[in-house]
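Engineer: just need the structure, nothing else, for what follows:
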Amino acid sequence: MKYNPEVQIVAQLDQLYAYMLMITPALPMPYAQKWRDDMKQITDILITQFYSEQYGFFWGVDSDAMSMNLGTDHTDFGHSVKTFWVILKVGELLNNVEYINFARPKIHRILLDAYIDKNGSWARRFDQNGNLDIDKEWWILAELDQAAEILSIHDPSYYRFLNNTHKYWFDVMTDHEHGEIWHMVDGATDKPVINYPKAHNWKTSLHSFEHTLFGYMTASRVKNESFSLFYAIPEWEKSMCRELQPYMFRAKVLDVENEGKIDTLTDGNSNYKVTFTSLH
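Structural biologist: Below is the predicted model of the structure:
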């Protein structure tokens, strides 16, 4: 039997997203340059092997013709728009204008394709017949919001989407009785699909949290306000607080406050409140 390995977009994308974007700026030479070279290589693979010029998004799997069709796994607005905004952030980190110019207009196109004007929400993907799949999967809505928020830092007009999609998130995607975000919502009825868990590793601790973080930081930037994040810092690293950066973004440190020891389980780490401005 011939072995035909399935090459998934997430196997490439998650190397950039999960750690390389955040760790590379902190690495010393020559490691930083090696990682920057690796980031460029992975980004080139995403563009050359997964991007569809015809549809303006990324295929979820690059293995055979049957995999590269509408309605297949990981071929959706969430994975595509996330890949574009990650490429945009890589371009900013590497000072690669080609990546920035490749990604930015294509994020805009996906936002236009995915936006449902009728109720101010996002669609999931195009189905196998090329029609919009209007059911709501929490992480896809989160990624589309985050992409629009990234663009809003320099162009607040993207709040023409966000003012409505945030309202949909709070009104429909949120469980107002027990808290947290529904995993799935039926797009035709705006009712939750309750046979999915509301809390799990990829959800509560990643996409739901990251959605909140992006929204908080970028809204502060658009309103020209400062924002504060909290860091657990050991005593021997406290002098580095002024060099901290917010997640995978860049910003100016405005103020640092030591809010006291956290607890004995963190080896005496202190809770530092770091206030930022000028997010970019």
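
Engineer: domains of the chain: list them as residue ranges, please.
Structural biologist: In the domain annotation for the chain, the residue ranges read 9-225, 226-280 (automatic domain parsing).

Engineer: comparing those domains, which comes out most buried?
Structural biologist: A comparison of these by mean neighbour count, using mean count of other Cβ atoms under 10 Å, puts domain 9-225 on top with a mean of 17. Where you see a C-beta, it was placed from the backbone N, CA and C, and this is true even at glycine.

Engineer: okay, now the unreliable bits of the chain?
Structural biologist: Within the chain, the stretches with pLDDT under 70 are 1-5, 63-74, 264-267.

Engineer: ok, which stretches of it are helices?
Structural biologist: 9-15, 21-23, 31-45, 77-94, 97-114, 138-152, 159-168, 208-222 (DSSP state H).

Engineer: Thr275: which of those helices is closest?
Structural biologist: Taking Cβ to Cβ as the criterion, helix 208-222 is the member of the helices of the chain that comes nearest to Thr275, at 10.2 Å.

Engineer: which other residues reach that closest one?
Structural biologist: Residues from elsewhere that reach helix 208-222 (Cβ atoms under 8 Å, 6 or more residues apart in numbering): 138, 142, 145-146, 149-150, 152-153, 156, 159, 166, 169, 180-181, 226-227, 246-247, 249, 276, 278-280.

Engineer: let's see it at 7 Å
Structural biologist: By Cβ atoms under 7 Å, 6 or more residues apart in numbering, the residues outside helix 208-222 that reach it are 138, 142, 145-146, 149, 152-153, 156, 159, 181, 226-227, 246-247, 249, 279.

Engineer: tilt between that helix and helix 159-168?
Structural biologist: Counting by axes from the mean of the first three to the mean of the last three Cα atoms, to 10 degrees, helix 208-222 points 140 degrees away from the direction of helix 159-168.

Engineer: just how off-centre is helix 208-222 within its chain?
Structural biologist: Centroid separation between helix 208-222 and its chain, computed with Cα atoms, centre = their mean, to the nearest Å, is 11 Å.

Engineer: what of stretch 181-196?
Structural biologist: Taking Cα atoms, centre = their mean, one finds the center of stretch 181-196 at 21 Å from the center of the full chain.

Engineer: list the contacts of the closest residue to Val193 other than its chain neighbours.
Structural biologist: The spatial neighbour of Val193 that comes closest, neighbours along the chain excluded (Cβ to Cβ, 6 or more residues apart in numbering), is Met184 at 3.9 Å. By Cβ under 7 Å, 6+ apart, the contact set of Met184 is Asp135, Lys136, Glu137, Pro192, Val193, Tyr196.

Engineer: mind redoing it with 8 Å?
Structural biologist: With the criterion set at Cβ under 8 Å, 6+ apart, Met184 makes contact with Asp135, Lys136, Glu137, Trp138, Pro192, Val193, Tyr196.

Engineer: circling back to that earlier point, out of the helices of the chain, which gets nearest to Leu254?
Structural biologist: helix 208-222 (11.4 Å).

Engineer: got the CA coordinates for the closest one in PDB?
Structural biologist: The C-alpha trace of helix 208-222 is given here as PDB (Å, rounded to 0.1, in the frame of the first residue of the first chain):
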ATOM      1  CA  SER A 208     -11.700  32.500  24.200                       C
ATOM      2  CA  PHE A 209      -9.000  34.100  26.300                       C
ATOM      3  CA  GLU A 210      -7.000  35.400  23.300                       C
ATOM      4  CA  HIS A 211     -10.200  36.900  21.900                       C
ATOM      5  CA  THR A 212     -10.600  38.900  25.100                       C
ATOM      6  CA  LEU A 213      -7.000  39.900  25.200                       C
ATOM      7  CA  PHE A 214      -6.900  41.200  21.600                       C
ATOM      8  CA  GLY A 215     -10.200  43.000  22.000                       C
ATOM      9  CA  TYR A 216      -9.000  44.800  25.200                       C
ATOM     10  CA  MET A 217      -5.600  45.800  23.700                       C
ATOM     11  CA  THR A 218      -6.800  47.000  20.300                       C
ATOM     12  CA  ALA A 219      -9.900  48.800  21.600                       C
ATOM     13  CA  SER A 220      -7.600  50.700  23.900                       C
ATOM     14  CA  ARG A 221      -5.400  51.700  21.000                       C
ATOM     15  CA  VAL A 222      -8.300  52.800  18.900                       C
END
